[in-house]
Every structure is written in structure tokens, then in C-alpha cells.
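1. I would like the atomic coordinates for the input below:
(chains A and B)
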Amino acid sequence: DQQVKQNSPSLSVQEGRISILNCDYTNSMFDYFLWYKKYPAEGPTFLISISSIKDKNEDGRFTVFLNKSAKHLSLHIVPSQPGDSAVYFCAPGGSNYKLTFGKGTLLTVNP
Amino acid sequence: NAGVTQTPKFQVLKTGQSMTLQCAQDMNHEYMSWYRQDPGMGLRLIHYSVGAGITDQGEVPNGYNVSRSTTEDFPLRLLSAAPSQTSVYFCASSRQGSEQYFGPGTRLTVT
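-> Numbers count the residues shown, from 1 in each chain, chains lettered A, B, ... in the order given. As a prediction, the model looks like this:
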């Protein structure tokens, strides 16, 4: 039973446009939510996070939105750049340090 | 500050062989964990530790052992390798409630 679902395995956008990556979760005990970015042959790197007490967090071109009632979060990248092409993982966590990862979405930004 | 380091980067084992994947961090993080990543499966938690002398099982612990004798090191042992353990292994560390930092990964093939 998947607690974290990223229903789009891949997404392709044009450079300069907005990329929207979605994540749904089922566990209401998650109290913080992280997004990781992963390039091939490298470890995941932390991108942005949001606490369950907030509904939006922004960091430069990256914004994460959280809708707790819908158990849904999304990552917006605007404007998208070719260097953003990577796999993006949604990873909620709770009070016990543990993160639960989604299966990831492969973002391709075309020049 | 090297962050999280993993050795080796690549390893090929025959079925039944044993080996230890090394992981070290120099950030004085209390939490360390091991994940495996398989195609289309995201990252799955194998074992984790919340401090020296404390370890616990994650989602997919069978076939793996861990120990945590120091804050810095968290080795993962495969006692009798099986082809099903062919995967990319990532070690991560963090403080409580903060993002996890990942190592570069070990690509293991079991023939």
C-alpha cells in the first residue's frame, strides 16, 4: 500500500514555462514534506520543504504548496530551465526521522 | 566537510558472497539510514539508526544487517548476496526534523 504517490512518471516542459509536479499521500501523521532532486549516478539532493502548519513555501524559482485536507502537495518551478531536468521525489516525514519516498517524476525541460 | 561518503562506488558479487557497504558522515548527525533504489520503485528504507548503539528495521530489511558503533559510521552488511539485492544503495544522515543528506551511492550487481 503506497503511502506516497507521484502519479506522473514523467513530465516534459519547454524552457521558460512552469513545471508542476504533484504528490498525494495517505498518512495524516506526516508533519513535514520534502522534495528531492536526483540526477543520474548521483545521490538525491534536498530541494525545498514545507511544514504541515504552512500551505506555501517559496525559495527562488521553487514553490511548494500543501493542501492538507486533500493530502496533496505540489512543486512549482518557474521559469523552468534545462538544468532542472532530473527526477524529483516527494518525501514526507514524521516525528521519527523517517522519510517515505514517492516513486519519482522524471522532469525534462526542453530548450 | 565531506558530507556523506560511501564506498565502494561499484561492486559485483557472486550469489552467496558477503560484503559490507561503508557509509560515513562528518556532520555529527544523529540519524543515519540506508535506502535501496530499484527502477520504478523510488527509494525504500532498509535500516536506520537514531544514534550510536541504536538501529531499527525499515521497509525492506531482509538480507541486510547494520550496526552503529560510532556517530560517524553506519555500515550495511550483506551476509549472503542474492540477485534480488542487485540495486543502487544510498546512505543518508540528518538531524531530527531536518532534511536528509545523501551519499553518492553504491551500485551493486549480484550475479
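2. ok, which stretches of the chain are strands?
-> You didn't say which chain, so I picked chain A. According to DSSP state E, chain A carries its strands in the segments A:4-5, A:10-14, A:19-25, A:32-38, A:45-51, A:56-59, A:62-67, A:72-77, A:86-93, A:105-110.
3. chain B was what I was after
-> Secondary structure of chain B (DSSP E): strands located at B:4-7, B:10-13, B:19-25, B:31-37, B:43-51, B:54-57, B:64-66, B:76-78, B:87-94, B:101-102, B:106-110.
4. just checking: what are the partner strands of the fourth one?
-> Right, strand B:31-37. strand B:43-51 (antiparallel), strand B:87-94 (antiparallel) (DSSP bridges).
5. again with the first one
-> When pairing is defined by DSSP bridges, strand B:4-7 lines up against strand B:19-25 (antiparallel).
6. how much space is there between the most centrally placed residue in chain B and A:P111?
-> The centroid of chain B falls nearest to B:W34 when counting by C-alpha atoms, centre = their mean (3.2 Å). Distance, B:W34 to A:P111, using C-beta to C-beta, to the nearest Å: 37 Å. C-betas here are computed from N, CA, C, even on glycine.
7. try A:P9
-> From A:P9 to A:P111 the distance is 22 Å (C-beta to C-beta).
8. higher neighbour count, those two?
-> Neighbour tally, A:P9 and A:P111, criterion other C-beta atoms under 10 Å in any protein chain shown: the higher count belongs to A:P9, 11 against 7.
9. wouldn't that one be in contact with A:K103 here?
-> Yes: contact between A:P9 and A:K103 holds when scored by C-beta atoms under 8 Å: they sit 7.4 Å apart.
10. can you list residues touching both of the two?
-> Jointly contacting A:P9 and A:K103 under the rule C-beta atoms under 8 Å, 6 or more residues apart in numbering or on different chains are B:G40.
11. tally of neighbours for the residue lying closest to B:L45 once chain neighbours are set aside?
-> Excluding its sequence neighbours, the residue lying closest to B:L45 (C-beta to C-beta, 6 or more residues apart in numbering or on different chains) is B:G58, at 3.1 Å. Neighbour count for B:G58, taken as other C-beta under 10 Å: 17.
12. now do B:Q17
-> Neighbourhood size, B:Q17 [other C-beta under 10 Å]: 14.
13. could you do the one 3 residues further on as well?
-> As a burial measure, B:T20 scores 13 neighbours (other C-beta under 10 Å).
14. how much space between the residue of chain A found nearest chain B and B:Y89?
-> At 3.5 Å from chain B, A:G43 is the closest residue in chain A, using C-beta to the nearest C-beta. Applying C-beta to C-beta, the value for A:G43 to B:Y89 is 10 Å.
15. give me the common contacts of the two.
-> B:G105.
16. quick check: buried residues in stretch A:42-49?
-> A:43-44, A:46-49 (16 or more other C-beta atoms under 10 Å in any protein chain shown).
17. now what about it, what contacts it?
-> Residues outside stretch A:42-49 that contact it (C-beta under 8 Å, 6+ apart) are A:32-38, A:57, A:59, A:62-64, A:75, A:88-89, B:4, B:43, B:90, B:92, B:99-105.
18. recalculate using a threshold of 6 Å.
-> With C-beta atoms under 6 Å, 6 or more residues apart in numbering or on different chains as the test, stretch A:42-49 has contacts from A:34-38, A:59, A:62, A:64, B:90, B:99, B:102-105.
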